[in-house]
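**Q** pasting the sequence and the predicted model now:
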Amino acid sequence: MARTPLLAGNWKMNMDHLEATHLVQKLAWTLGDAQHDFNRVEVAVFPPFTDIRSVQTLVDSDELKIAYGAQDVSAQDNGAFTGDISVSMLTKLGCSYVIVGHSERRQYHGETDTEVGAKAAKALAAGIVPVICCGEALEVREAGKHVEHVLGQIDAMFSGWEADAVGRVVVAYEPIWAIGTGKVATPADAQEVCGAIRARISERFGAGAAESIRVLYGGSAKPGNIKELMAQRDIDGALVGGASLKPEDFAAMAEYQKM
Ligand code: PGA
């Protein structure tokens with residue numbers, strides 16, 4: 001498989017810039033002790049905006065292979081958008097990735113699929129790979145409409161996109177009922193939706209885009225379940241919340257191939 005697995009740590013609103021430096025240092029040491037091969041499994045962290053400059057300084061000075069990115073970005077270039085952060089600001093900070101459309105952004109900030117798609121397109125055009133989130137709420141899952149719901153999000157977010165661009169992004173399937181709840185989707189449940197996402201991409205944008213797009217699972221991923229999740233055909237990595245704040249756990253997850 002040509003797709004490099006990605007282990008992405010979403011810190012959410014945790015860690016100030018001093019704590020961020022310690023966490024990344026610890027993560028780097030732990031991965032170093034484990035002789036982690038970054039070519040086999042890419043490791044990325046997503047700290048709050050206020051930490052990114054500190055993480056950049058550390059990564060650059062110690063030549064760490066840990067990638068980093070932001071948890072959101074504006075779809076606007078610049079101007080009167082109080083509180084927002086632009087793609088060019090993130091580019092200057094050396095971000096390789098940005099999460100867009102996380103369910104918490106959708107829930108607390110009313111973000112729609114159209115906005116999320118615009119943010120993702122903006123980031124990609126500037127060379128930052130968007131990690132585009134999707135996923136269903138518990139009622140949707142219980143009604144058996146989860147695949148349909150997620151594919152609806154995918155269609156809306158990639159509306160008007162070119163195949164080449166689609167093939168370069170990361171999609172993260174995160175069932176909302178599994179986020180921060182300890183209720184992980186079974187590997188088969190996660191595969192069902194991740195497989196359906198890839199099939200839809202293939203149908204709409206062709207086999208090339210479907211082969212190269214990376215699809216992650218997120219929602220209570222941890223050392224105890226990562227190996228089984230990663231064994232699924234269409235799961236190329238994980239978007240990890242809680243466990244990414246514990247460097248030992250996050251590093252152990254990056255070593256899932258040795259488990
Ligand atoms: P969790 O969060 O791993 O704590 O469930 C995942 C996420 O929200 O990205």
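**A** That came through fine. Numbers count the residues shown, from 1 in each chain.
**Q** show me the helices in the stretch 151-259 of the chain, by range?
**A** Counting by DSSP state H, counting those that start in this stretch, one finds helices in the stretch 151-259 of the chain at the ranges 163-166, 187-205, 207-212, 223-230, 247-254.
**Q** which residues touch the most centrally placed residue in the chain?
**A** Nearest residue to the geometric centre of the chain (Cα atoms, centre = their mean): residue 131, 4.3 Å. Counting by Cβ atoms under 8 Å, 6 or more residues apart in numbering, residue 131 touches 8, 46, 69, 97-100, 169-172, 216, 239. (Glycine included, C-beta is placed from N, CA and C.)
**Q** give me the mean pLDDT for whichever helix or strand it is part of.
**A** Per DSSP states H and E, residue 131 falls inside strand 129-134. Strand 129-134 shows a mean pLDDT of 98.
**Q** buried set for the next helix or strand after that strand?
**A** Per DSSP H and E, strand 129-134 leads on to helix 138-142 as the next helix or strand towards the C-terminus. Neighbour counts over helix 138-142 (16 or more other Cβ atoms under 10 Å) mark 140-141 as buried.
**Q** helix 138-142 near the ligand anywhere?
**A** No: if you take Cβ under 6 Å from any ligand atom as the test, helix 138-142 misses the ligand, and the best it gets is 13.9 Å.
**Q** tell me what residue 171 is bridged to.
**A** residue 132, residue 215 (DSSP bridges).
**Q** look at it and report its pLDDT.
**A** 98.
**Q** which residue does the protein bring closest to the ligand?
**A** residue 241 (2.2 Å; Cβ to the nearest ligand atom).
**Q** the helix or strand of the chain with the lowest mean pLDDT: how far from the chain's middle?
**A** Every helix and strand of the chain was ranked by mean pLDDT, DSSP states H and E. The lowest is helix 138-142, at a mean of 95. Put simply, helix 138-142 sits 23 Å off its chain's centre (Cα atoms, centre = their mean, to the nearest Å).
**Q** same check, this time on stretch 156-176
**A** 12 Å.
**Q** how much does the strand holding residue 131 deviate in direction from helix 187-205?
**A** Between strand 129-134 and helix 187-205, the angle comes out at 110 degrees (axes from the mean of the first three to the mean of the last three Cα atoms, to 10 degrees).
**Q** can you tell if strand 129-134 touches the ligand?
**A** No: Strand 129-134 stays clear of the ligand (Cβ under 6 Å from any ligand atom), getting no nearer than 7.4 Å.
**Q** tell me the residues of the stretch 101-250 of the chain that contact the ligand?
**A** So the stretch 101-250 of the chain meets the ligand at 174, 179-180, 218-221, 239-243 (Cβ under 6 Å from any ligand atom).
**Q** how does it look with 5 Å?
**A** The stretch 101-250 of the chain comes close to the ligand at residues 179-180, 218-220, 239-242, as judged by Cβ under 5 Å from any ligand atom.
**Q** per-residue pLDDT, residue 181?
**A** Value for residue 181, per-residue pLDDT: 89.
**Q** give me the phi and psi for the residue nearest to it when sequence neighbours are not counted.
**A** Among residues not flanking residue 181 along the chain, residue 220 sits closest, at 6.3 Å (Cβ to Cβ, 6 or more residues apart in numbering). Main-chain torsions, residue 220, degrees, to the nearest 10: phi 60, psi 30.
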